[in-house]
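J.: following is a predicted model, sequence given first.
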Amino acid sequence: MLRILNVLAVAALIGSAVYAYSVKYETILYGEQIIKTRHLIAQEQDGIDKLEAEWAILTRPDRLASLADHGLSLQKLSLDQIVQPADLPDPPPKVDSIGRKLDALGLGEPTATPSGERAAGAAAGGATPSSATPAR
């Protein structure tokens, strides 16, 4: 019986050692993948920085102005081309599209509202037309 326990203990020891080494090498593999990914991210960021620098060079105002002067036959802006606020046309009248739709449906007429004593009584004490009539 003692020998069977010794054999089982040795087997468990070997199994745990194999498992520990597999976990160790798996973590090393994942660490290397993380490092490679970080290097790829750094390369992409460097590429983005280069593209942004190139874009800044290409969109310099003095460079664009010289390209426009050379490639386009534009005239210089004169003062008579600038529109004054008084020369602008009046804005179009505002249209109440919801009101038009209500009128088309026949719902645009004003509603009958209580007037005078009825409205005051209803607002003050909650009186109804039946309670506002005098008793005979």
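T.: Nice, I can see it. Numbering: from 1, shown residues only.

J.: give me the helices and strands touching the helix or strand harbouring residue 11, please.
T.: Element membership for residue 11 (DSSP states H and E) is helix 2-58. Using 3 or more Cβ pairs under 8 Å, 6 or more residues apart in numbering; DSSP states H and E, no helix or strand is in contact with helix 2-58. Yep, even glycine has a C-beta here, placed from its N, CA and C like the rest.

J.: contacts for the helix or strand just after it next, please.
T.: Moving toward the C-terminus from helix 2-58, the next helix or strand (DSSP H and E) is helix 61-71. With Cβ atoms under 8 Å, 6 or more residues apart in numbering as the contact definition, helix 61-71 has outside contacts at 57, 74.

J.: what do you get if the cut-off is 10 Å, keeping everything else the same?
T.: 57, 58, 60, 74 (Cβ atoms under 10 Å, 6 or more residues apart in numbering).

J.: about what we covered before: what angle do the helix holding residue 11 and helix 61-71 make?
T.: 50 degrees (axes from the mean of the first three to the mean of the last three Cα atoms, to 10 degrees).

J.: for the record, mean pLDDT for helix 2-58?
T.: The pLDDT scores in helix 2-58 average 96.

J.: quick one: which of the contacts of helix 61-71 is nearest residue 81?
T.: residue 74 (12.0 Å; Cβ to Cβ).

J.: and the closest residue to the closest one other than its chain neighbours, how many neighbours?
T.: In space, and not counting its chain neighbours, residue 74 is closest to residue 68: 6.8 Å by Cβ to Cβ, 6 or more residues apart in numbering. The local packing of residue 68 (other Cβ atoms under 10 Å) involves 10 other residues.

J.: how about the contacts of helix 61-71, which pair is most distant?
T.: Farthest pair in the contacts of helix 61-71, by Cβ to Cβ: 57 and 74, 23.4 Å.

J.: related to what we said a few turns ago, dump the contacts of helix 61-71 into CSV; add distance to residue 1 as well.
T.: Shown next, in CSV, are the contacts of helix 61-71 (distance: Cβ to Cβ, whole Å):
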residue, distance to residue 1
57, 84
58, 85
60, 89
74, 103
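
J.: thanks a lot, see you next time.
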